[in-house]
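Chemist: Show me how the following folds:
(chains A and B)
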Amino acid sequence: MMTDKIILLVEDNPDDVDLTIRALEKNNIANEVVVAHDGEEALEYLTATGTYALRSASDLPQVVLLDLKLPKVSGLDVLRAVRESPRTRLLPVVILTSSSEERDIIASYNLGANSYIRKPVDFDQFLEAVRELGLYWLVLNQVPRVDR
Amino acid sequence: MESNEFIALVTNVSLLIAMAFVYDLATVRVLNLDRRLRQVLVGLGLGVIAVATMSAPWVFAPGITFDSRSVLIGVSGLFFGALPTFIVMAIAAAYRVFQGGAVLTGVSVIVASGVVGLVMRRTLKRPLADLRWSHLLVLGYAVHIAMLALMFTLPLPTALNVLRKITLPVLTIYPLGTVAIGVLMLNRLRREQAVAAVRENEVQFRTLFEQAAVGVAKLDVRTGTFALVNRRYADLLGCPVQDLLKTDIYAVTHPDDREATRQNMHDLVAGTKPSYTLVKRFTRKDGGIIWASVTASRLWRTGDEPDFAMAVIEDITEQKSVEEELRQRERLLNEVQEVSSIGGWEYDVQTRQLTWTREVYRIHELPSAYDPNDIHIDLQFYDTSGRALIETAFDRAVTAGEPYDLTVPFVTAKGNHRWVRTMGRPELRDGLPVRVVGNIADVTERMRLERQVAHLASFPAQNPYAVVEVGTDGVVRFANAASAATLSQLGLGPDARQFLPGTSEELALLRSQCEENPQTQELQLGSATFLRVVAAPPGDDSLRVYAVDITDRKKMEEEIRSLNANLEERVRRRTIELTAANRELEAFSYSVSHDLRAPLRSIDGFSQAFLEDYGTTVPEEGRKDLDRVRNATRRMGVLIDDMLTLARVTRSEMHLQTMDVSAMAAKAARDLTEESPGRDVHVDIEPGLTAVGDPQLLRIVLANLLDNAWKFTSRREHAHVAIGMVNDAQRGPAFFVRDDGAGFNPKYAGRLFVAFQRLHAHDEFPGTGIGLATVERAVRRHGGDVWAQGEVDRGATFYFTIPNLSALNSAKGDHDD
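Modeler: From the prediction side, this is the model:
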């Protein structure tokens, strides 16, 4: 698999972080997973500011798995910021959340989410969902080259 | 003998002529002689004739002669009566005695002949002129049978000898001779009587003609000249008879009537009518004019040449002038009645004839051809109460002689409503009504005015509201009791001008405005508010003010307005509260959606992780326990999802559109088929089902119902599910989802749609008990109804209706609770 591509997981719940990572591993997705625990951290990572100031801003993850309910900056605000910045405008963002509220789904797609996945309670189903996610966004999806 | 018989015949002829002459003497009063003297003369004349006949006898034998004296004397007795007959008898008897011979026989025959004639005259019951020849024959036989009988006065042998010889000739010739002479006498008598009658008529006519009270003239119809005029005629024309005879009828006729006279005369000549009657004018000699009624009759017989006519004229000048006067009076009466709208009538109690004047017809609006004599038809002009009044009054007038005077409503023949005043005054004779004279007057206009005046007079004074009339000069002309009471109740002074203040200029301006339309304004007087209407009475320089106290109404209006304002405020507040509650609820379900599921996911996820990581070291019992944890977790997840769905169905905004229900059902069935590949479920969907509603909600409804059907047919090897539409008697067109699965006990049908109620054990048919509650919510939000039929092990059918919501659009928020 493509190990050089980073997955940015924005998730405040450590259980969910572990379960997601476990699911990825179970599906043999060996990409590096960077975890941001809130929206602010996620944005710092992407813009190479704050905690990640030493990082190269041009080094973007292959895909962002974004929870909506986040401390500090909400998932939707993160998404909005990502889409507003020309640098990250085309970054694949998959919403991975517990909510199946219609308004959340609509708002996400309105802001340019590439996909919306609801985390099922049943871990087996979650595994399946993550497998499909990884297959599509990490293997099949062709990311356009962006001028830096 | 032969010469004797011839001489006898001649004698008889001469006898006849003599008799006729004598008779003339007897009947014609040529000489103005005394009746008795004339009879004596007749008797003497007859005596001479008798002597003459006896001088030429038929000698039977010497001393026995026969002559016609018996015939003469018998006829004399019959026709001339006693005195002349006695005279002739005496003369004849004397002459017989003078002749000698059988004197006794001869005299007795003379006497017998006369007596028989006289007896017959006496016993006859009819006038002589009416005698018949049979009477004369009887006389002839009677006389001559007596004569034969008297032959026995002769010596018997002579008598028998004589009788034997003369009986046959006497009984054949002499009676016939009697009849012949008698008939001649009769004819003579009759002719003379006729002449006498004519003469008498002529005398009578003359008298009549001359002394008639009417004018009579004989006219020559060819020329019109007078042939004869009587005195009265001449008097009428004021012209002597002689002068009239020189002129003609046209000359004395008034020029205007000449043509009519000529025409009538012409008709008479032409024979088209035998007489005519004409009312015409004559011009008198002195130039005066008389009116006369003329009746003229022709005097010639049909077929003869027309010559004269008899004209009778009667002076009717007097009558004419009376007629003229009557006509004049009637015209005057009619005119007066017309001017006064009063008609007159008259009822004759005896003949029961009712007579109307022209005005009565006009009041009834009837043609004058109408016969007023049917009293019942007349009474149809009155309404029921008026008719009863008039009938009674009229009856009392006719029977008891009581006069009446009634004013009643009336409908004319043309259906116009009027008021009439009708009076009747009976005329009494010997205390009994003989005639009722009355009048009838159209008093509609007066009644209208009276009512108007009464209305005008009573209205402002009795008006419960203030009515004030103010002249444009500012002077109060009228103020009703209510206006004074109103002012005093308000503790204000008595000046009625308070209702309409302003200078006279302002009032004049207001008046001109009011002439088009009454002006309405509110007026504040003390503590009260009035609605003031100012009107301009016609043809007057004043203003009439009507003031209606609307204080209470104003107060009520104010209260209603404030209540309305409060209501809005309360609604607004309540809306805010509801909005807040809604928002809280939303936040709640949002966090349920997020936060309640996260721990479940952890429990499930880590249970799985635990099993995977340490499964080998965990005893079989421990693994089973963890499986139970996971199952419970998953069920909790489903429960949360279902509750969220239920909450969403309740809350979400509805977007109505026309939906293809068949297609939606097919989609839901396809999803289920894919999810449960091991199942054999035959799905039958009625095509073309549509409804107007929210697709999201309907999808939930169909998914839940089909999911149920799938679930409860899970024990069937070959399951059948049908989706379609039926027409429910009470609820109208209803969709249904039918299965042939486990069904349910109808006893619990009511609990099916209550959230968390389950009719089946979980391990039998898993479920949260929220699905049907969700279905019910979704259907109810469409204003529809949902119900179920079923039996244990015989399948279940769920029905729901989706009324066309477009009409209920405005009420869509009603179910947002």
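
Chemist: three-state assignment of the closest residue to chain B within chain A?
Modeler: Distances between chain A and chain B by C-beta to the nearest C-beta are smallest at A:V121, namely 3.1 Å. (Each C-beta comes from the backbone N, C-alpha and C, glycine too.) Following DSSP: H, G, I helix; E, B strand; the rest coil, the label given to A:V121 is coil.

Chemist: Residue 87: neighbouring residues, count only.
Modeler: No chain was given, so I picked chain A. 15 (other C-beta atoms under 10 Å in any protein chain shown).

Chemist: not what I meant, chain B
Modeler: 22.

Chemist: what does B:H782 give?
Modeler: 26.

Chemist: can you pull the contacts of it?
Modeler: Counting by C-beta atoms under 8 Å, 6 or more residues apart in numbering or on different chains, B:H782 touches B:693-694, B:697-698, B:802-803, B:805.

Chemist: want to throw those residues into JSON lines with distance to B:A197?
Modeler: Shown next, in JSON lines, are those (distance: C-beta to C-beta, whole Å):
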{"residue": "B:G693", "distance to B:A197": "134"}
{"residue": "B:D694", "distance to B:A197": "138"}
{"residue": "B:L697", "distance to B:A197": "140"}
{"residue": "B:L698", "distance to B:A197": "139"}
{"residue": "B:I802", "distance to B:A197": "132"}
{"residue": "B:P803", "distance to B:A197": "127"}
{"residue": "B:L805", "distance to B:A197": "130"}
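
Chemist: Out of the residues you listed, which sit inside helices?
Modeler: By the criterion of DSSP state H, membership of the contacts of B:H782 in helices covers B:697-698.

Chemist: So which of the contacts of B:H782 is the closest to B:V109?
Modeler: Here the nearest of the contacts of B:H782 to B:V109, counting by C-beta to C-beta, is B:P803; it sits at 156.2 Å.

Chemist: isn't that closest one right up against B:G784?
Modeler: Yes. Between B:P803 and B:G784 there is a contact at 5.9 Å, judged by C-beta atoms under 8 Å.

Chemist: Compare these two (neighbour count), which wins?
Modeler: Set B:P803 next to B:G784 and count neighbours by other C-beta under 10 Å: B:G784 wins out with 22 against 17.

Chemist: what's the distance between B:R164 and B:M151?
Modeler: Distance, B:R164 to B:M151, by C-beta to C-beta, to the nearest Å: 10 Å.

Chemist: who has more neighbours, those two?
Modeler: B:M151 (22 against 9).

Chemist: Show the contacting residues for the more buried one.
Modeler: By C-beta under 8 Å, 6+ apart, the residues touching B:M151 are B:105, B:159, B:162-163, B:166.

Chemist: go on, B:A666?
Modeler: B:A666 sits next to B:683, B:685 when contact means C-beta under 8 Å, 6+ apart.

Chemist: Now with 10 Å, please.
Modeler: Counting by C-beta atoms under 10 Å, 6 or more residues apart in numbering or on different chains, B:A666 touches B:660, B:683, B:685, B:687, B:702, B:723.

Chemist: Counting neighbours, what do you get for residue 84?
Modeler: Reading this off chain A. 11.

Chemist: ah, no, chain B please
Modeler: For B:P84, the count of nearby residues is 26 (other C-beta under 10 Å).

Chemist: Keep the contacts of B:H782, but drop any that are not near chain A.
Modeler: With the criterion set as C-beta under 10 Å from any C-beta of the partner chain, no member of these is near chain A.

Chemist: so which of the contacts of B:H782 is the most crowded?
Modeler: B:G693 (27 neighbours).

Chemist: wait, doesn't that residue sit right on B:L702?
Modeler: No. The criterion here is C-beta atoms under 10 Å, and B:G693 misses it with B:L702 at 11.3 Å.

Chemist: Now for these two: what residues contact both?
Modeler: With C-beta under 10 Å, 6+ apart as the test, B:G693 and B:L702 both reach B:661, B:778.

Chemist: Would you list the phi and psi of the nearest residue to the residue of chain A closest to chain B once chain neighbours are set aside?
Modeler: Distances taken as C-beta to C-beta, 6 or more residues apart in numbering or on different chains place B:G637 nearest to A:V121, at 3.1 Å, with adjacent residues excluded. Backbone torsions for B:G637, taken as degrees, to the nearest 10, come to phi -60, psi -50.

Chemist: ok, B:G637 touching B:S602?
Modeler: No. Counting by C-beta under 10 Å, B:G637 stays clear of B:S602, with 11.8 Å between them.

Chemist: Now list whatever residues contact both of the two.
Modeler: A:V121.

Chemist: distance of B:S483 from B:L531?
Modeler: From B:S483 to B:L531 the distance is 14 Å (C-beta to C-beta).

Chemist: Neighbour count: those two, which is higher?
Modeler: A side-by-side neighbour count of B:S483 and B:L531, using other C-beta under 10 Å, places B:S483 first with 24 against 16.

Chemist: you'd agree that one is up against B:F499?
Modeler: Yes. Counting by C-beta under 10 Å, B:S483 does reach B:F499; the two are 6.6 Å apart.

Chemist: okay, and the common contacts of those two?
Modeler: Common neighbours of B:S483 and B:F499 (C-beta under 10 Å, 6+ apart) are B:466-468, B:476, B:545-547.

Chemist: circling back to that earlier point, and the contacts of B:A666, which two are furthest apart?
Modeler: Farthest pair in those (C-beta to C-beta) is B:D660 and B:V683. Separation: 16.1 Å.

Chemist: the more surrounded of the two?
Modeler: B:V683 (20 against 15).

Chemist: Where do the helices of chain A begin and end?
Modeler: A:14-26, A:39-47, A:75-84, A:102-110, A:123-134.
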